[in-house]
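Peer 1: when you get a sec, could you give me coordinates for this:
(one chain, ligands or ions: 1)
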Amino acid sequence: MFPPLSTFVPNRLCCTHCTTFVKPPNFRPFGQQKSAPLTTSCLSDKALTTAASDHNYGNKQVISLTPRIYDYLLANVREPPILRELREETATMRGSQMQVSPDQAQLLAMLVQILGAKRCIEVGVYTGYSSLAVALVLPDSGILVACERDKNSLEVAKKYYDRAGVSHKVDARHGLAEDTLNSMIENGEGCSYDFAFVDAEKRMYQEYFELLLKLVRPGGVIVIDNVLWHGKVADPLVDDEKTKSIRSFNRALMDDVRVSISMVPVGDGMTICRKR
Ligand SMILES: C[S@@+](CC[C@H](N)C(=O)[O-])C[C@H]1O[C@@H](n2cnc3c(N)ncnc32)[C@H](O)[C@@H]1O
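Peer 2: Down below sits the predicted model:
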């Protein structure tokens, strides 16, 4: 049951029936999205929880992010100042929507730390936000091979690696990632990497994955971005090439005994794969 609107207490508790604090009117932690107007209570947010249509899942409800809840989540991300600066510069550039979100970057950095990873790979660097998040938490002896085909984007990334003092930990490779990964395999680097992140051409996911499976050690982790592809993978009426490719990649992963998997609805969806 939702509380009556008359119990709403503006700018303090969301309502007298819940313990959710609403933000003061000038609260804009990330400056990009406008919060939902504060004249509404938590009702609209709560209405957006979702349950699986299959009753065998016990009507378990999961949260659907509204702008207000997402602002709250972002306000609880510990984003290093150098990453914030890169994000703000990238926000002025073409393609800025391609960058992973701060909450995604924080999760990637957390995985790297949990793994104690020293040798990492990124496929699809753009201006460097996710790669910088990883490089920042690598030990001084660590290395991140950062693959990007666009020279201009890579220059921005390199500028921030320098500014952050992590250039010695990043091996930026300009060119097609598939060529770079193949040359690393030919170079005898198989099974020597701890962690890889894939965020490049969606129609190439299976190919990147096969190459990375050769490069990552048993127990190592490969994270794949955009696996929910703005929800299009779940819509049977959508059949463009990128959607079909991600859908078929997701399906193949379900049966892939070489890895254990966890699809996480963060950002545009990320699947965490652990090589067995
Ligand atoms: C989604 S963006 C990466 C965003 C980045 N991870 C971040 O958080 O800022 C994808 C990038 O992959 C690059 N890319 C696409 N296909 C590629 C390929 N075959 N080899 C290398 N880079 C590629 C694009 O140029 C683009 O910069």
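Peer 1: enumerate the positions of stretch 109-116 that are buried.
Peer 2: Within stretch 109-116, the residues that count as buried by 16 or more other C-beta atoms under 10 Å are 109, 111, 112. Where C-beta positions appear, they are placed from N, C-alpha and C, glycine not excepted.
Peer 1: find the nearest non-adjacent residue to the residue of the chain found nearest the ligand, please.
Peer 2: Taking C-beta to the nearest ligand atom, the ligand has its nearest neighbour within the chain at residue 124, 3.1 Å off. Leaving aside its chain neighbours, residue 124 sits nearest to residue 200 (3.1 Å; criterion: C-beta to C-beta, 6 or more residues apart in numbering).
Peer 1: so what's that neighbour up against?
Peer 2: Shown in contact with residue 200 (C-beta atoms under 8 Å, 6 or more residues apart in numbering): 123, 124, 147, 149, 177, 208.
Peer 1: next step: those residues restricted to helices.
Peer 2: When helices are assigned by DSSP state H, the members of the contacts of residue 200 inside them are 177, 208.
Peer 1: let's have the contacts of residue 200 in CSV, adding pLDDT.
Peer 2: Formatted as CSV, these follow (pLDDT from 0 to 100):
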residue, pLDDT
123, 99
124, 98
147, 99
149, 98
177, 98
208, 98
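Peer 1: drop anything exposed from the contacts of residue 200.
Peer 2: The neighbour count (16+ other C-beta under 10 Å) marks 123, 124, 147, 149, 177, 208 as buried among those.
Peer 1: centre of the chain to stretch 175-191, how far?
Peer 2: Distance of stretch 175-191 from its chain centroid, counting by C-alpha atoms, centre = their mean, to the nearest Å, is 24 Å.
Peer 1: next, the distance between the ends of it.
Peer 2: Counting by C-alpha to C-alpha, to the nearest Å, you get 22 Å between the two ends of stretch 175-191.
Peer 1: that one near the ligand at all?
Peer 2: Yes. Stretch 175-191 reaches the ligand (C-beta under 6 Å from any ligand atom) through 176, 177, 178.
Peer 1: nearest spatial neighbour of the last one, skipping sequence neighbours?
Peer 2: Translated: residue 178. That would be residue 207: by C-beta to C-beta, 6+ apart, it lies 6.0 Å from residue 178.
Peer 1: thought the one you found was touching residue 176?
Peer 2: No. Counting by C-beta atoms under 8 Å, residue 207 does not reach residue 176; the two are 10.7 Å apart.
Peer 1: so what pLDDT did the residue nearest to residue 124 get?
Peer 2: Looking at residue 200, its pLDDT stands at 98.
Peer 1: and if you look at residue 59?
Peer 2: For residue 59, pLDDT reads 88.
Peer 1: I'd like to know how many residues surround it.
Peer 2: By the criterion of other C-beta atoms under 10 Å, residue 59 has 9 neighbours.
Peer 1: tell me the contacts of it?
Peer 2: residue 51.
Peer 1: can you name the residues of the stretch 101-250 of the chain that neighbour the ligand?
Peer 2: 124-127, 129-130, 147-150, 153, 176-178, 199-201, 204.
Peer 1: now the buried members of the residues you listed.
Peer 2: 124-127, 129-130, 147-149, 153, 177-178, 199-201, 204.
Peer 1: what's the farthest-apart pair in the residues you listed?
Peer 2: Across these, the longest distance by C-beta to C-beta is 22.3 Å; it joins 129 and 178.
Peer 1: what segments of the stretch 1-150 of the chain are strands?
Peer 2: Secondary structure of the stretch 1-150 of the chain (DSSP state E, counting those that start in this stretch): strands located at 50-51, 61-62, 119-123, 143-148.
Peer 1: could you measure the residue positioned nearest the centre of the chain against residue 73, distance?
Peer 2: By C-alpha atoms, centre = their mean, the chain has its centre lying nearest to residue 104, at 3.4 Å. Distance, residue 104 to residue 73, using C-beta to C-beta, to the nearest Å: 11 Å.
Peer 1: what's the answer for residue 218, then?
Peer 2: Residue 218 is 34 Å from residue 73, by C-beta to C-beta.
Peer 1: flag the shaky bits of this structure, pLDDT-wise.
Peer 2: Low-confidence segments of the chain (pLDDT under 70): 1-47.
Peer 1: now do the buried residues in stretch 208-218.
Peer 2: 208, 209, 211, 212, 213, 215, 216.
Peer 1: I am finished for the moment; much appreciated.
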